[in-house]
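Enquirer: A predicted structure for the sequence below; I have some questions about it.
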Amino acid sequence: MRKRGVLAAILAMAMVLSGCGGRDPIPDDGPVEFEAQTWTLVTSGGEGTAERQAAEAFAERLFERTHGTVKAECVTLRELKGDYESPVDALRAGAADIAWATAEAFAAADPRLDAAGLPFLFLSREEAEAAMDGDGGAALGEILRENGFQCLGIGTEGFRCLTSSETAIEGLGSLKGLRVRTGGGDVVEKSFAAWGAETVDAPWPGVYTALETGIYDAQEELLPTICDASLQKVQKYLCQWPAFYSAAYLCMDGALYDSLSELLAGIAMDCGAEAAAVQRQASLVAEQEDIAAWKAVRGNRVTSLSEEALAEFREASRSVWDAFADRYPGELVARLSGGEG
C-alpha cells in the first residue's frame with residue numbers, strides 16, 4: 001500500500017473525546033512511577049498506512065505519558081508467531097495486547113459491531129465521526145466490552161465509493177438495471193437490490209479486466225483499494241456517496257485493562273483517543289490524494305449526491321434496516337444515528 005504523508009500538526013488537534021464514550025483527559029501532573037511493561041499492538045497495515053500511523057502515535061504518546069516505563073511495540077499481523085486471519089484473532093488468542101482492526105473484523109466476535117455499516121445510516125463523514133464520538137460510539141464500546149475488549153478509540157476506513165463506466169450516479173434512478181460488482185455480504189447485496197441494481201459477488205482479482213471489458217457496469221469498494229488498483233483507468237465516474245460506512249476500533253484486551261491502575265487506564269484511554277484522531281486525519285489526507293489521482297485522468301469525473309438524492313436513498317434503505325433488525329437492534333441503530341432507527 002502507498003505511503004501517505006500526514007500533517008505534522010496532527011497531534012495538536014488530537015485531544016478529542018474518545019469514540020468509546022466521552023471522558024475528560026487524565027492530567028499529566030508530573031513524574032509518576034509505573035511498573036515497566038511492554039504491550040504488543042498489532043495492525044494489518046504496515047508503515048505508511050493510516051492505521052500504522054495511529055498505532056505509532058499511540059506508542060509515542062504512551063511512552064511520553066508514562067516517562068518511558070510503559071511501551072507499546074507496534075507489529076503487523078504477519079510479524080506475529082501464529083496463523084491469525086485478523087488482528088482480532090491475535091488479540092483473542094493472547095498473541096497481542098492491543099489491536100487496530102476494522103469493524104468487519106470485530107464483527108466476527110459480535111455482528112452488532114458492524115452496525116455502522118448499514119446503508120445511508122450517516123449522510124456525511126462529519127455525521128459519522130460525531131456519532132462515534134458520542135452515544136453511538138459509547139454503545140459500540142459497551143458491546144466490545146461484553147465481548148472482552150476495552151475500546152480505546154474509534155477510527156474510520158471511510159465510506160465505500162461507487163465507480164461506473166457510462167453513467168454518473170446522481171440519484172436512485174441512476175442505479176436501475178445497473179450491473180454492479182460488489183465484495184459480497186448480505187447487507188450490501190440487499191441494499192443494491194432495494195435500489196434497483198443487479199449485483200455480482202466477485203473476488204477482487206480480475207475486477208480490473210472485467211470492468212475494462214464491460215462485464216460489469218460498475219463496482220463499489222473502499223477508495224484506497226479502488227485507486228491502488230488503478231480503476232480510474234477503466235472507469236470514468238466516481239461517486240462519493242455515504243452508502244456504507246466502515247468504522248475501525250483500537251481495542252485492548254479487557255482483562256489487561258482491568259489490571260491497570262486507574263491512572264494508567266486513563267492514560268491508555270487518552271492515548272487511544274489521540275491515536276483515533278491521527279488515524280482519521282491520515283485517512284482524510286489519503287482520501288484527498290485518491291480523489292486527485294482520479295481527477296488527473298482525462299475525462300474522469302467525481303460526483304456526489306444532492307440533499308434530495310441523499311434523502312431518497314435513505315428512505316429506500318429503511319427496508320434494509322428493517323430486514324436486519326435481528327442483527328442490528330433498533331435501539332443500537334437509533335443510538336448510532338441520533339434517533340433515525
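Expert: Yep, it's here. Residues are numbered from 1 along each chain as shown.

Enquirer: just the CA trace of stretch 240-252, in PDB.
Expert: Below are the C-alpha coordinates for stretch 240-252, written out as PDB (Å, rounded to 0.1, in the frame of the first residue of the first chain):
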ATOM      1  CA  GLN A 240     -18.500   9.800  -3.300                       C
ATOM      2  CA  TRP A 241     -21.700   8.700  -1.600                       C
ATOM      3  CA  PRO A 242     -22.200   7.900   2.100                       C
ATOM      4  CA  ALA A 243     -23.800   4.500   1.400                       C
ATOM      5  CA  PHE A 244     -21.700   2.200   3.600                       C
ATOM      6  CA  TYR A 245     -19.500   3.500   6.400                       C
ATOM      7  CA  SER A 246     -16.500   1.500   7.600                       C
ATOM      8  CA  ALA A 247     -15.500   2.100  11.200                       C
ATOM      9  CA  ALA A 248     -12.300   0.700  12.900                       C
ATOM     10  CA  TYR A 249     -11.600   0.000  16.500                       C
ATOM     11  CA  LEU A 250      -8.500   0.300  18.700                       C
ATOM     12  CA  CYS A 251      -9.100  -2.200  21.500                       C
ATOM     13  CA  MET A 252      -7.100  -3.600  24.400                       C
END
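
Enquirer: now the strands for the stretch 51-200 of the chain?
Expert: 70-76, 98-102, 149-164, 179-182, 198-201 (DSSP state E, counting those that start in this stretch).

Enquirer: by mean pLDDT, flag the weakest helix or strand of this protein.
Expert: strand 198-201 (a mean of 89; mean pLDDT, DSSP states H and E).

Enquirer: which strands and helices sit next to the helix or strand that that one is followed by?
Expert: Proceeding N to C from strand 198-201, the next assigned helix or strand is helix 207-212, under DSSP states H and E. In terms of contacts (3 or more Cβ pairs under 8 Å, 6 or more residues apart in numbering; DSSP states H and E), helix 207-212 is packed against strand 179-182. Heads up, the C-betas are built off the backbone N, CA and C, glycines and all.

Enquirer: strands paired with the strand it packs on, and their directions?
Expert: strand 198-201 (parallel), strand 218-222 (parallel) (DSSP bridges).

Enquirer: please identify the deepest-packed of those.
Expert: strand 218-222 (a mean of 24; mean count of other Cβ atoms under 10 Å).

Enquirer: follow-up on the earlier one: export the strands paired with strand 179-182 to JSON lines and tack on distance to residue 315?
Expert: Shown next, in JSON lines, are those (distance: least, Cβ to Cβ, whole Å):
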{"stretch": "strand 198-201", "distance to residue 315": "20"}
{"stretch": "strand 218-222", "distance to residue 315": "20"}
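
Enquirer: mind checking which of those strands is nearest residue 244?
Expert: Closest approach to residue 244 among those (Cβ to Cβ): strand 218-222, 7.7 Å.

Enquirer: and the strands of the stretch 51-200 of the chain, which is most packed in?
Expert: strand 98-102 (a mean of 28).

Enquirer: ok, residues contacting that strand?
Expert: Strand 98-102 is contacted from outside by 39-44, 51, 54-55, 58, 72, 86-88, 90-91, 152, 155, 157, 246-253, 279, using Cβ atoms under 8 Å, 6 or more residues apart in numbering.

Enquirer: nearest spatial neighbour of residue 59, skipping sequence neighbours?
Expert: Once flanking residues are discounted, residue 59 sits nearest to residue 72: 3.9 Å by Cβ to Cβ, 6 or more residues apart in numbering.

Enquirer: grab the longest helix from this protein for me.
Expert: helix 262-295 (DSSP state H).

Enquirer: buried stuff in it?
Expert: 264-287, 289-291, 293-294 (16 or more other Cβ atoms under 10 Å).

Enquirer: that one versus strand 70-76: what angle between them?
Expert: Interaxial angle, helix 262-295 versus strand 70-76 (axes from the mean of the first three to the mean of the last three Cα atoms, to 10 degrees): 30 degrees.

Enquirer: and the gap between the spatially closest residue to residue 46 that is not a sequence neighbour and residue 43?
Expert: Leaving aside its sequence neighbours, residue 46 sits nearest to residue 76 (Cβ to Cβ, 6+ apart; 5.1 Å). Counting by Cβ to Cβ, to the nearest Å, the gap from residue 76 to residue 43 is 6 Å.

Enquirer: now residue 190
Expert: For residue 190, the distance to residue 43 - Cβ to Cβ - is 31 Å.

Enquirer: equivalent analysis for residue 113, please.
Expert: 18 Å.
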